[in-house]
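1. Provided below for reference: sequence and predicted model.
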Amino acid sequence: MIFKTLDAGIEFYKHYASKVGFDTRSSSVVTARDGTKIQNQIVCNREGFKNTGAQHCHSQSSADAGEGPSRPKRRRVSNRTGCRARIMFKYIGAAGYQVTTFIEKHNHSMSSVLARQFLKGNRNISSVHQKFILDCAKENIGASKSHGLYSQIVGDYFEVGATVVDFKNVRRDLRAYILGADAQILVHNLIKKQEMCPAFSFDYEVDEDGQMSRLFWADPMSKKNFAAFGDVVSFDATYSTNRYDLVFTPFTGVDNHKKCITFGAGLLLKEDIESYVWLFENFKKAMGMEPKIIVTDQDPAMKVVIPTVFKQARHRYCMWHIMCKVGEKVGPTLNKDEEFRNKLNSIVWTSSLGPPDFEKQWRELMEKYNLVEYNWFTTMFEARKHWIPAYFRDSFMGGLLRTTSRSESENYTYSRFTGPQSSLVEFMMNFDSALKSQRNTNAKLNSDNEGYNPDMKTPLGIEKHASIVYTITVFYQVQEEICASCFKCMLLSVREEGGMLHYDIMDGKNKRFTVVHNVNDHEAKCSCKMFEMVGLLCRHIFVVFRDLERIPLKCVVNRWTKDASLKATFEIDGVIYDQNGPKDEKKMLLNKVRSDIHCCMDLASSNMEQLTAFSQVINEQKQLLLSGKEKFSPQHSKRTVIESYCGSTEISEINILPPKQATNKGNGKHIKSSKELAMENKRAGSAIFLVLEEITMTPGLAHLTPKIRTRKRNAFYSLDT
């Protein structure tokens, strides 16, 4: 046979091999001076024999030389049988390549029908496979699950055309492509985003070795959300989101549905004062304003950084982080005391106590349970103005007043999309996916609010007005306060002082509150301070407003209303932006074509005649596209898909090197404190005691055989203490 090109001849032989049931490999190539291949031999992949003697001698000599214990080696099977089956192509000039040698006979059996799907000739990672695998990677779906999902799409594992290992190799090739240029590709992509969206903010820094050490970014929608909901910001660092152990630091707030919302994020090599100052300065510059309250854990660096950068914001500690430590500090006995826990919670979590009442009840609790000398409780009492609600009664806390750690919730969300082995490029893809998921949830809640009609629990007009003004989530909270004003509160007296009406209201047992009402301006203030802290009217004010048909405009905080959410488009610095970012016409058309094809498949699936006709049309289009385009080699096709995924062609010059490996407190590499070591020793001692107790209790071992008793005793002596 004669083939016009060498590739056509090789492809023909590979196709023949896949049908017969064996694999092939290139054996030898002879090339002329001008680069023309004049001879190429393709052999059965079972040709020759595996050379194991040299490897065995090398490992044996290493062990004999005293280089330490030899590492266990993976057992590798060999399929080499010295098979002579082969084909040789020879260049004959303008006519092309001629088959000069063909040995058909093999010295081994061919692969069975079931096994042929695993032959290399029948496994083909096409650009379709690669795009699917990398799209799954954006959602943090691994190779094994991607392989399973693909099998469901095509109908069966037999139809996938590739193994799980092939899928894993695509991720391997992606990381190999990124290796060394990780930070450079990331910055390149961020610069492109900024060129497309002038309101996109980002900044980075490198260390003295040219390695990235800090990064901050915030897109236009995040900045617009901050303008609406940025009065209170929760900030916390999280770990194990990338292969360099850089600290991931999202800025989190609460939207009008009381859900987490991201304002921006950063990556830091070090958790020191200098790094946090740099990050907060960039955040403040991007947002153009400061938050009123910023909530963090008790990181010592924050005590210095926040007053330095944010001149107007108040710093508050996260109550959730502090209260989680109570059990550790008081010990297991007192921690299980329900009376103690309830009393402590009633003092700490309530917003109805004023500072004098809190201090009095705290001291009484400490004395009652002999905790006065405990340093931790003393320290927490000294820092009470940073975390106890009694000291924030005049400050707006939004949805973070009774926080169960918004940042922890946000960190959990991002942990589902990121992984400890992700490169910076992959991490940013995963971050974008998590952000899209968060915004899709917000869009769904906005949609639910457009036409909802909740049940009214009272005939009051003010309740109906609240359902029109507020989002569903917030309305239910307001509705609870309105109902409480009708059924749980009792008006004791009304008096006039200085043109103001003073209402004394009983709420529950022995709880008295005073509402001061300015009738002319429709303003009211309650001694419980709920409106000042949360931005919603309390039940005591609703007692006064019960006869009104509408909530006074001055008492409606915009951040809790339906109108607080962003519209389909918004403007920043005179530029109109879409919630989904800049429109990509090509991507939109691709998505439409893909959707149309799936729709046609579903419509034709029940009719064999229609399905055959549709298949014929698709194949005709496929052949037309292939004929008008040079056929890419698998390697070239793979590189094209990876470049498309990364958003960047191969970087010719690398000026920004990937970061060093970070060693911060949360990455599992910190030095254990004496307290941690003491707790570990205590647990080890408990384990020894239990084992010893079991060994020495003769009645408990009487039924055991001597062999088992000996094994249990050895278990005790082998404990490393």
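-> All right, it came through fine.

2. quick one: Lys50 from Thr163, how far?
-> 22 Å (Cβ to Cβ, to the nearest Å). C-betas here are computed from N, CA, C, even on glycine.

3. Going along the chain, name the strands of the stretch 101-250 of the chain.
-> 201-206, 212-218, 232-235, 247-254 (DSSP state E, counting those that start in this stretch).

4. Of those, which stretch is the most buried?
-> strand 232-235 (a mean of 27; mean count of other Cβ atoms under 10 Å).

5. Nearest to Ile133, out of the strands of the stretch 101-250 of the chain?
-> strand 247-254 (24.5 Å; Cβ to Cβ).

6. Can you list the helices and strands that that closest one packs against?
-> helix 220-229, strand 232-235, strand 260-268, helix 406-415 (3 or more Cβ pairs under 8 Å, 6 or more residues apart in numbering; DSSP states H and E).

7. where among the ones you listed is the average confidence lowest?
-> Lowest mean pLDDT within the helices and strands packed on strand 247-254: helix 406-415, at a mean of 69.

8. Give me the angle between the helix or strand that comes right after that helix and strand 247-254.
-> Scanning forward in sequence from helix 406-415 by DSSP states H and E, the next helix or strand is helix 424-450. Interaxial angle of helix 424-450 relative to strand 247-254 (axes from the mean of the first three to the mean of the last three Cα atoms, to 10 degrees): 10 degrees.

9. contact partners of the following helix or strand past helix 424-450?
-> Using DSSP H and E, the helix or strand that follows helix 424-450 towards the C-terminus is helix 461-469. Applying Cβ atoms under 8 Å, 6 or more residues apart in numbering, the contact partners of helix 461-469 are 453-454, 456-457, 475, 478-479, 482, 542, 545-546, 548-551, 556, 561-562.

10. Give me the buried entries from these.
-> Buried members of those, scored by 16 or more other Cβ atoms under 10 Å, are 475, 478-479, 482, 542, 545-546, 550-551, 556, 561-562.

11. Among those, name the ones in helices.
-> In helices, defined here by DSSP state H, the members of these are 475, 478-479, 482, 542.

12. and which of those is nearest Gly21?
-> For those, the residue nearest Gly21 by Cβ to Cβ is Phe475; the value is 68.6 Å.

13. What residues does that closest one make contact with?
-> 454, 466-467.

14. what does Ile185 give?
-> So Ile185 contacts 178, 424-425, 646-648, 651 (Cβ under 8 Å, 6+ apart).

15. Please apply the same query to Thr31.
-> 37-38.

16. mind redoing it with 6 Å?
-> Neighbouring residues of Thr31 by Cβ atoms under 6 Å, 6 or more residues apart in numbering: Lys37.

17. So what sits opposite it in the bridge?
-> Lys37 (DSSP bridges).

18. Okay, it and Gln98: tell me how far apart.
-> From Thr31 to Gln98 the distance is 17 Å (Cβ to Cβ).

19. try Gly82
-> For Gly82 relative to Gln98 (Cβ to Cβ), the value is 27 Å.

20. Comparing these two, which residue is more hemmed in?
-> Remark: of Gly82 and Gln98, Gln98 carries more neighbours, 15 against 11, as counted by other Cβ atoms under 10 Å.

21. Mind listing the residues bridging to that one?
-> Ile2, Lys90.

22. could you pull out the helices for the stretch 551-700 of the chain?
-> 585-604, 608-627, 634-646, 674-696, 698-701 (DSSP state H, counting those that start in this stretch).

23. Taking the centroid of this protein, which residue is nearest it?
-> Tyr414 (2.2 Å; Cα atoms, centre = their mean).

24. Give me the nearest residue to it, chain neighbours excluded.
-> Spatial nearest neighbour of Tyr414, excluding adjacent residues (Cβ to Cβ, 6 or more residues apart in numbering): Ala434 at 5.1 Å.

25. Could you do Ala613 as well?
-> Ala604 (7.8 Å).

26. my guess is that neighbour contacts Phe614, does it?
-> Yes: judged on Cβ atoms under 6 Å, Ala604 makes contact with Phe614 at a distance of 4.9 Å.

27. confidence score at the residue lying closest to Val99 once chain neighbours are set aside?
-> Nearest residue to Val99, sequence neighbours excluded (Cβ to Cβ, 6+ apart): Met1, at 5.0 Å. We have a pLDDT of 94 for Met1.

28. try Arg546
-> On the pLDDT scale, Arg546 gets 89.

29. for it, what are its contacts?
-> Neighbours of Arg546 in contact, by Cβ under 6 Å, 6+ apart: none.

30. give me that answer again for 7 Å
-> 460, 485 (Cβ atoms under 7 Å, 6 or more residues apart in numbering).

31. I'd like the distance from it to Tyr97, if you could.
-> 95 Å.

32. wait, Arg123 sits on Val160?
-> No: using Cβ atoms under 7 Å, Arg123 is not in contact with Val160; the gap is 8.9 Å.

33. More neighbours: the two, which one.
-> Set side by side, Arg123 and Val160 show more neighbours around Val160, with 21 against 17, by other Cβ under 10 Å.

34. quick one, phi/psi of Ser423?
-> phi -70, psi 170 (degrees, to the nearest 10).

35. doesn't Ile178 make contact with it?
-> Yes: between Ser423 and Ile178 there is a contact under Cβ under 7 Å: 4.8 Å.

36. Specify the beta-bridge partners of Phe202.
-> Counting by DSSP bridges, the residues bridging with Phe202 are Trp217.

37. rewinding a little: how many other residues sit next to the residue nearest to Ala613?
-> Residues near Ala604, counting by other Cβ under 10 Å: 16.

38. Next up, the contacts around it.
-> Counted by Cβ under 7 Å, 6+ apart, Ala604 has contacts 610-611, 614.

39. Only the buried residues of stretch 160-176, if you could.
-> 160-162, 164, 166-171, 173-175.

40. I'd like the domain boundaries of the protein, if you could list them.
-> 2-117, 124-178, 182-313+421-443, 322-400, 472-560, 674-717 (automatic domain parsing).

41. which of the ones you listed has the lowest average pLDDT?
-> Note on the domains of the chain: lowest mean pLDDT is at domain 674-717, with a mean of 50.

42. returning to that earlier point: of all the domains of the chain, which lies closest to Ile597?
-> domain 124-178 (12.0 Å).

43. From one end of the closest one to the other, what's the distance?
-> 23 Å (Cα to Cα, to the nearest Å).

44. And that domain, how far out from the chain middle?
-> 20 Å (Cα atoms, centre = their mean, to the nearest Å).

45. Stretch 651-667 too?
-> For stretch 651-667, the distance to the chain centre is 20 Å (Cα atoms, centre = their mean).

46. pull the CA atoms of that stretch into PDB?
-> The C-alpha atoms that make up stretch 651-667 are tabulated as PDB, following Å, rounded to 0.1, in the frame of the first residue of the first chain:
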ATOM      1  CA  ILE A 651       4.600  32.900  29.100                       C
ATOM      2  CA  SER A 652       7.800  33.700  27.400                       C
ATOM      3  CA  GLU A 653       9.300  35.900  30.200                       C
ATOM      4  CA  ILE A 654       8.600  35.300  33.900                       C
ATOM      5  CA  ASN A 655       9.100  38.300  36.100                       C
ATOM      6  CA  ILE A 656       6.900  37.200  39.000                       C
ATOM      7  CA  LEU A 657       7.800  33.900  40.500                       C
ATOM      8  CA  PRO A 658       5.400  31.600  42.400                       C
ATOM      9  CA  PRO A 659       5.300  32.200  46.200                       C
ATOM     10  CA  LYS A 660       7.500  30.500  48.800                       C
ATOM     11  CA  GLN A 661       5.900  27.800  50.900                       C
ATOM     12  CA  ALA A 662       4.100  29.700  53.800                       C
ATOM     13  CA  THR A 663       4.500  28.600  57.400                       C
ATOM     14  CA  ASN A 664       1.600  30.200  59.300                       C
ATOM     15  CA  LYS A 665      -0.300  29.200  62.400                       C
ATOM     16  CA  GLY A 666      -3.100  27.400  60.500                       C
ATOM     17  CA  ASN A 667      -1.200  25.300  58.000                       C
END
